[in-house]
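In: Need a 3D model of the following:
(5 chains)
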Amino acid sequence: MTHTIGIADTMFSRIDMHEIAKKTIEDSEESIKIERYTVPGVKDLPLACKKLLEEHNCDICLALGMPGPEKIDKTCAHEASQGLISTQLMTNKHILEVFIHLDEGNNKEGVIDKKKLQEITQNRVYDHTINAIALLKSKTALSNKAGQGIRQGHDNVGSL
Amino acid sequence: MTHTIGIADTMFSRIDMHEIAKKTIEDSEESIKIERYTVPGVKDLPLACKKLLEEHNCDICLALGMPGPEKIDKTCAHEASQGLISTQLMTNKHILEVFIHLDEGNNKEGVIDKKKLQEITQNRVYDHTINAIALLKSKTALSNKAGQGIRQGHDNVGSL
Amino acid sequence: MTHTIGIADTMFSRIDMHEIAKKTIEDSEESIKIERYTVPGVKDLPLACKKLLEEHNCDICLALGMPGPEKIDKTCAHEASQGLISTQLMTNKHILEVFIHLDEGNNKEGVIDKKKLQEITQNRVYDHTINAIALLKSKTALSNKAGQGIRQGHDNVGSL
Amino acid sequence: MTHTIGIADTMFSRIDMHEIAKKTIEDSEESIKIERYTVPGVKDLPLACKKLLEEHNCDICLALGMPGPEKIDKTCAHEASQGLISTQLMTNKHILEVFIHLDEGNNKEGVIDKKKLQEITQNRVYDHTINAIALLKSKTALSNKAGQGIRQGHDNVGSL
Amino acid sequence: MTHTIGIADTMFSRIDMHEIAKKTIEDSEESIKIERYTVPGVKDLPLACKKLLEEHNCDICLALGMPGPEKIDKTCAHEASQGLISTQLMTNKHILEVFIHLDEGNNKEGVIDKKKLQEITQNRVYDHTINAIALLKSKTALSNKAGQGIRQGHDNVGSL
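Out: Numbering: from 1, shown residues only, chains lettered A, B, ... in the order given. I've put the predicted structure just below:
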């Protein structure tokens, strides 16, 4: 059976996150179609995902965004996250939120380390794309990874 | 096919944001009708947009507001933003939130720089009106601009 | 056609805000009926307004409240505001929130100036009652006042 | 006509708040039945109230809780409050939230004054139970107490 | 009658919380089936629980999560909590949120005390699993424990 993964991305993001997700899906050699939806910023992602899930036949979505470092950006990300959870509850389908906060890539001096940001982005988008593919299979496809302190985009912290 | 864009604006705003959006739509030479709805402040925008989308036949909305600089104003803007996302999820139509925070126009001394505020307002309303016109076309009309660090109302920060 | 305005007010408020709204409506010489609903505090206003709009035939509501100055009071007001927006989206009718925060009436020493608080209350309730009457007429009845920095209860700041 | 008041209470609370509400209802000599629902903490109260209102035939609910003094407890109380408002809007019935924050009972040294806490609890539960009985009668049963600065659980501050 | 308890857990957690809940249910010798659902993090729990309750025939859910110590983690937990309350109101079934914040296990120097964290986790998951079993029986099954300052995962503080 062919599944469809929706990928919603933004103009605001400073890295082409869609490309990473798309490549991960293609490399997986699963029979998966992709539907893309591009919006201005993270607050537009909930509706983009809802339309992907309801009108474009997607089984699951990746919501890709890169909120800025200011207080107002944190508030926007919070509002987007609440909307993404509401969307899931309205559609009964998962949306994996893949947000990279721009200041996650800061070095100790508080300046963006572009390479670090790119690595976090590559890893988090890759990891969550793999998670999405797993969730398409069954509700326990990720159970063998439970309780292990797994961190998408950063080193895992491990189980205690 | 003629589309209709809803424009919801407020008495509280200190600049006639509707006029900028209207001019942008007219200059676009697309076949687009406009429906306007004016309310007192940003917290009244969610319902105004819902009525534009449900009762006045609009395909998409611009929610134009100018929240004040005080803490209570930030809370109002947050509540309005949550309501605008809920409205989108209830109507399955986009609402582009175009909020200019009054203190975005402050100079280094913390005093409003009127010219700066007018420029930000002009640019952000213009940019989001263009975005709205694009979203009327297709879900990938903005994809060629994805991941490029595009900032409505400020200089773009570019992709990494 | 006779319209009905719902007025929801609270025991917690220190000023009879209902009386101001009622007088404003009567003085307007419009053909408007009033339905009143009194609840303990601002968090009870969303349901009071929903019942006024759904069960008591109101076309629009005024939600009158006076949140206290403490942090917990600010949180209550925030929750009430979110509920009032949800109520509007569920009923497709406007609710104008008319909250006077008790500390808005403080003088420079941080002590309540009763006269100042009464003036703010009188003006804000009056202004929003006039707004409600306008919104009953049409979605553009307030458009000639848009973008002018109008502040209910305080001096208008004007357009830029 | 016999009404039914739902009383939802928690294991987390340090005082038997249900007992105070029950006694107040019995002393009122109104023809009122009580349905009780006990849950672990305040975040479980919204569903308990919804079930009381929808499945156990209650006309109104008292949601009795005693959030702790830590920041996380304040967040829990906020989430519970939002849920209680949502529940009211879904059922069209009132839920009077009767939360006593543990630190309301602190003395000037920041230590719990048990007697003070018991007094606040007794008074607030009593007052809101009386309010609930009034709201069962009519939407203006509390109007003669409006605008008077009435504080459940503390001294009233009076009208201005 | 056989009941089914849904257990939703996360990859992010550093302890296998599912195992504790499962053992508690088995040791209870009640006739209870378990359905498990594993997701990446706490923000994915609301939908996992909704699907357990709606599609996998569960009567109640345990939502097991271990939010991190950073500010962003607190925000995630808050969003998850709001979603879990919404899910309960949409399904009319209880979800007991069992979150252990990683910094609850910190010692006085602010370093994780692994043993302390494991004890809190063991106790809180155990206690809430027992609560869930009780809630399956009746709405007053926990009433004999009401008002006693009971704290899942920490020492009870007792009634006043």
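In: For the rest of this, base every contact and every neighbour count on C-alpha atoms.
Out: Noted.
In: what residues are up against the most centrally placed residue in chain A?
Out: Geometric centre of chain A, nearest residue: A:Val98, 2.5 Å, by Cα atoms, centre = their mean. By Cα atoms under 8 Å, 6 or more residues apart in numbering or on different chains, the contact set of A:Val98 is A:62-65, A:124-125, A:128.
In: what does A:His18 give?
Out: A:7-9, A:64.
In: Now neighbour count, pLDDT and distance to B:Lys50 too, for those residues, in JSON lines please.
Out: Shown next, in JSON lines, are the contacts of A:His18 (neighbours: other Cα atoms under 10 Å in any protein chain shown; pLDDT from 0 to 100; distance: Cα to Cα, whole Å):
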{"residue": "A:Ile7", "neighbour count": "28", "pLDDT": "98", "distance to B:Lys50": "26"}
{"residue": "A:Ala8", "neighbour count": "30", "pLDDT": "98", "distance to B:Lys50": "23"}
{"residue": "A:Asp9", "neighbour count": "32", "pLDDT": "98", "distance to B:Lys50": "25"}
{"residue": "A:Leu64", "neighbour count": "27", "pLDDT": "98", "distance to B:Lys50": "26"}
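In: of those residues, closest to chain D?
Out: Relative to chain D, the closest of the contacts of A:His18 is A:Leu64; by Cα to the nearest Cα it sits at 26.7 Å.
In: Specify the beta-bridge partners of that closest one.
Out: A:Val98 (DSSP bridges).
In: So it sits against A:Thr10, correct?
Out: Yes. Under the criterion of Cα atoms under 8 Å, A:Leu64 makes contact with A:Thr10 at 7.1 Å.
In: Overlap in contacts, these two.
Out: With Cα under 8 Å, 6+ apart as the test, A:Leu64 and A:Thr10 both reach A:Val42.
In: Around chain B, pick out the residues from chain A.
Out: Counting by Cα under 8 Å from any Cα of the partner chain, chain A comes close to chain B at A:9-17, A:36-40, A:43-44, A:46-47, A:50-51, A:75, A:79-80, A:83, A:87, A:114.
In: The same query, at a cut-off of 7 Å, please.
Out: Proximity of chain A to chain B (Cα under 7 Å from any Cα of the partner chain) is limited to residues A:9-17, A:36-39, A:47, A:51, A:79, A:83, A:114.
In: which secondary structure element contains A:Lys50?
Out: Per DSSP states H and E: A:Lys50 is located in helix A:45-55.
In: who does that helix touch, helix- and strand-wise?
Out: strand A:3-10, strand A:60-65, helix A:71-91 (3 or more Cα pairs under 7 Å, 6 or more residues apart in numbering or on different chains; DSSP states H and E).
In: if you set the cut-off to 10 Å instead, what comes out?
Out: strand A:3-10, strand A:32-39, strand A:60-65, helix A:71-91, strand A:95-99, helix B:71-91 (3 or more Cα pairs under 10 Å, 6 or more residues apart in numbering or on different chains; DSSP states H and E).
In: now the ones you listed as CSV including distance to D:Glu119?
Out: Formatted as CSV, the helices and strands packed on helix A:45-55 follow (distance: least, Cα to Cα, whole Å):
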stretch, distance to D:Glu119
strand A:3-10, 55
strand A:32-39, 55
strand A:60-65, 51
helix A:71-91, 39
strand A:95-99, 47
helix B:71-91, 33
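In: Can you tell me the SS state at the residue lying closest to A:Asp16 once chain neighbours are set aside?
Out: Spatially, and ignoring its direct neighbours in sequence, A:Asp16 is nearest to B:Gly147 (4.3 Å; Cα to Cα, 6 or more residues apart in numbering or on different chains). Look at B:Gly147: counting by DSSP: H, G, I helix; E, B strand; the rest coil, its state is coil.
In: And the residue of chain A closest to chain C?
Out: In chain A, the residue that lies nearest chain C is A:Glu79 (12.8 Å; Cα to the nearest Cα).
In: okay, now that residue: neighbour count?
Out: 21 (other Cα atoms under 10 Å in any protein chain shown).
In: how far away is whatever residue of chain A ends up closest to chain D from E:Ile85?
Out: Across chain A, the shortest distance to chain D (Cα to the nearest Cα) belongs to A:Gln82, at 12.8 Å. Note on A:Gln82: its distance to E:Ile85, by Cα to Cα, to the nearest Å, is 12 Å.
In: just A:Glu79 next, same as before
Out: According to Cα to Cα, A:Glu79 stands 17 Å off from E:Ile85.
In: How about A:Ser138?
Out: The value you get for A:Ser138 to E:Ile85, if Cα to Cα is used, is 25 Å.
In: who's more crowded, the two?
Out: Between A:Ser138 and E:Ile85, counted using other Cα under 10 Å, the more crowded position is E:Ile85 (26 against 12).
In: Tell me who's in contact with the residue nearest to the more buried one when sequence neighbours are not counted.
Out: The shortest distance from E:Ile85 to any non-neighbouring residue, by Cα to Cα, 6+ apart, is to D:Gly83 (6.4 Å). For D:Gly83, the contacting residues are C:79, C:83, D:42-47, D:50, D:77, D:89, E:82-86, E:88-89, by Cα atoms under 10 Å, 6 or more residues apart in numbering or on different chains.
In: do the same with A:Arg14
Out: A:65-68, A:102, A:117-118, B:146-150, B:156-160.
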